[in-house]
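Undergrad: Okay, sequence plus prediction incoming.
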Amino acid sequence: MLTPIGADRTNPSGALGGLQFGYNYLVAPNWLIGAEADVGWTSAQGKANFVDPAGTASLSITSDHNWYGTLTGRIGYVTGPLMLYAKGGAAWMNADYLMEVNSGLDGATLAKTTRPGWTAGGGVEYMLGSHWSAKLEYDSLHFDSKPWTS
């Protein structure tokens, strides 16, 4: 059995940038509903290392995240040009995973995958014009653990 050196997850981090599109509809004087789709490309990478207790073998797993996408619904409370909102929906993540083994049977395996998940978040948005706004938002994305396959 291999023992983690540090964390037992790759814990990727990096920059993210992308595009977002959406549509909003005012359903009452101060309430809005909407839908959004976004895709973001990222430089997020992470690594986890493992070793057997005897020190004869080690394993490293590197994750290289390529892009994230979400499709969400949202509800917001509007007061003047300012809106507070909550959102949630589906999420996707595309990543490459490299597993390297260092023992009597050295080798490497690469797996490329797109994983489904879910997202929830919220934020504050300010209307700049009839079709433009600026916002500050927090999103939490969740993807289930997946067994290694190549």
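TA: In hand now; what should we look at?
Undergrad: buried residues in the helix or strand containing residue 65?
TA: Secondary structure assigned from DSSP states H and E places residue 65 in strand 58-79. Buried residues in strand 58-79, counted by 16 or more other C-beta atoms under 10 Å: 59-65, 67-70, 72, 74, 76, 78. For glycine as for every other residue, the C-beta is placed from the backbone atoms N, C-alpha and C.
Undergrad: now the helix or strand following that strand against strand 58-79, angle please.
TA: Sequence-wise, the next helix or strand downstream of strand 58-79 (DSSP H and E) is strand 82-102. Angle of strand 82-102 versus strand 58-79, following axes from the mean of the first three to the mean of the last three C-alpha atoms, to 10 degrees, is 170 degrees.
Undergrad: low-scoring stretches of this structure, by residue?
TA: For the chain, the stretches flagged by pLDDT under 70 are 1-10, 104, 146-150.
Undergrad: Give me the distance between the closest residue to residue 64 other than its chain neighbours and residue 86.
TA: Distance criterion C-beta to C-beta, 6 or more residues apart in numbering; nearest residue to residue 64, sequence neighbours excluded, is residue 96 at 4.6 Å. The span separating residue 96 from residue 86 equals 33 Å under the rule C-beta to C-beta, to the nearest Å.
Undergrad: One more: residue 144?
TA: Counting by C-beta to C-beta, the gap from residue 144 to residue 86 is 23 Å.
Undergrad: Of those two, which one has the most company?
TA: Using other C-beta atoms under 10 Å as the criterion, residue 144 and residue 86 rank with residue 86 on top: 14 against 8.
Undergrad: Enumerate the beta-bridge partners assigned to the more buried one.
TA: Beta-bridge partners of residue 86, counted by DSSP bridges, are residue 75, residue 122.
Undergrad: pretty sure it contacts residue 74?
TA: Yes. Using C-beta atoms under 8 Å, residue 86 is in contact with residue 74, at 6.6 Å.
Undergrad: Find residues that contact each of the two.
TA: Jointly contacting residue 86 and residue 74 under the rule C-beta atoms under 8 Å, 6 or more residues apart in numbering is no residue at all.
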